[in-house]
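1. Predicted structure and sequence below. I'll ask about it afterward.
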Amino acid sequence: MLQIFKLAAVSLAAAFALLILAQPSHAQSADEAEAFVQREAQEVINALQAFNDGELDEETLKRNFRDRIDVLADVPRITHFVLGRYRRGADEAVLEEFRAVFREFAINVYERELGNYAGQTLEVTGSVTRSPGDFIVRSIVRGNGNGEDVPVNWRVMSTDDAMKVVDAEVMGVWLAQTQREEITSIIGNARGDISAATRALRQRTR
């Protein structure tokens, strides 16, 4: 992953145009998307700092982190996206196994990468509305004198009752798009076998 969401593994811009996404009937506003990112992303960073300061034990941190990621990120939608065309017609049991392993992989990536920014401050600087319910929220992770400021873009999708991050971008690289390229390459080299990607991700989460 790269910096916050560096190329290595924690985290759908142009590629999301390829997805068929239902438009919400009452799309939430750009201001709400900005407030959502400001609140939820900063909470994740704060929790990691609390762990570093000894205010949370590791087990509590991991439980809280997973709960917070489920609020912040739409992991099921990202999972479907990274499989690309291989999701169509795949056996449901194979898909279910991949979803479970990918979720752990994604959480581990977010935990590791966001941990690099524990104690720093996230500042939302604006947003772009791509279409109703579809926003790019711009932010900067401030180094607080300990490092360089890092600009981060967040792809936020909304429904009638929730907002979710579906991708994050640092230095021109979108996490989910990068993962899609890598995962579909593994599956393609295995002649369409999704289980090959499942095994590769399981290895990386050990």
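-> Yep, it's here. Numbers count the residues shown, from 1 in each chain.
2. Point out where the chain drops to low pLDDT.
-> Applying pLDDT under 70 to the chain picks out residues 1-27, 113-116, 144-147.
3. what are the ranges of the helices in it?
-> 13-16, 30-52, 58-72, 75-83, 92-114, 175-189, 194-204 (DSSP state H).
4. Show me the one of these that comes nearest residue 150.
-> For residue 150, the closest of the helices of the chain is helix 92-114, at 10.9 Å, according to C-beta to C-beta. For glycine as for every other residue, the C-beta is placed from the backbone atoms N, C-alpha and C.
5. and that closest one, which residues are buried?
-> Within helix 92-114, the residues that count as buried by 16 or more other C-beta atoms under 10 Å are 95, 97-98, 101-103, 105-114.
6. hey, C-alpha coordinates of it in PDB?
-> Below are the C-alpha coordinates for helix 92-114, written out as PDB (Å, rounded to 0.1, in the frame of the first residue of the first chain):
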ATOM      1  CA  GLU A  92     -21.900 -19.000  -3.500                       C
ATOM      2  CA  ALA A  93     -19.800 -21.100  -1.000                       C
ATOM      3  CA  VAL A  94     -16.600 -20.000  -2.700                       C
ATOM      4  CA  LEU A  95     -17.800 -16.400  -2.700                       C
ATOM      5  CA  GLU A  96     -18.700 -16.600   1.000                       C
ATOM      6  CA  GLU A  97     -15.200 -17.900   1.900                       C
ATOM      7  CA  PHE A  98     -13.600 -15.100  -0.100                       C
ATOM      8  CA  ARG A  99     -15.700 -12.500   1.600                       C
ATOM      9  CA  ALA A 100     -14.700 -13.600   5.100                       C
ATOM     10  CA  VAL A 101     -11.000 -13.800   4.300                       C
ATOM     11  CA  PHE A 102     -11.100 -10.500   2.400                       C
ATOM     12  CA  ARG A 103     -12.800  -8.700   5.300                       C
ATOM     13  CA  GLU A 104     -10.000  -9.800   7.700                       C
ATOM     14  CA  PHE A 105      -7.400  -8.800   5.100                       C
ATOM     15  CA  ALA A 106      -9.000  -5.400   4.600                       C
ATOM     16  CA  ILE A 107      -9.300  -4.700   8.300                       C
ATOM     17  CA  ASN A 108      -5.700  -5.700   8.900                       C
ATOM     18  CA  VAL A 109      -4.600  -3.300   6.100                       C
ATOM     19  CA  TYR A 110      -6.600  -0.400   7.500                       C
ATOM     20  CA  GLU A 111      -5.400  -1.100  11.000                       C
ATOM     21  CA  ARG A 112      -1.700  -1.200  10.000                       C
ATOM     22  CA  GLU A 113      -1.800   1.800   7.800                       C
ATOM     23  CA  LEU A 114      -4.000   4.000   9.900                       C
END
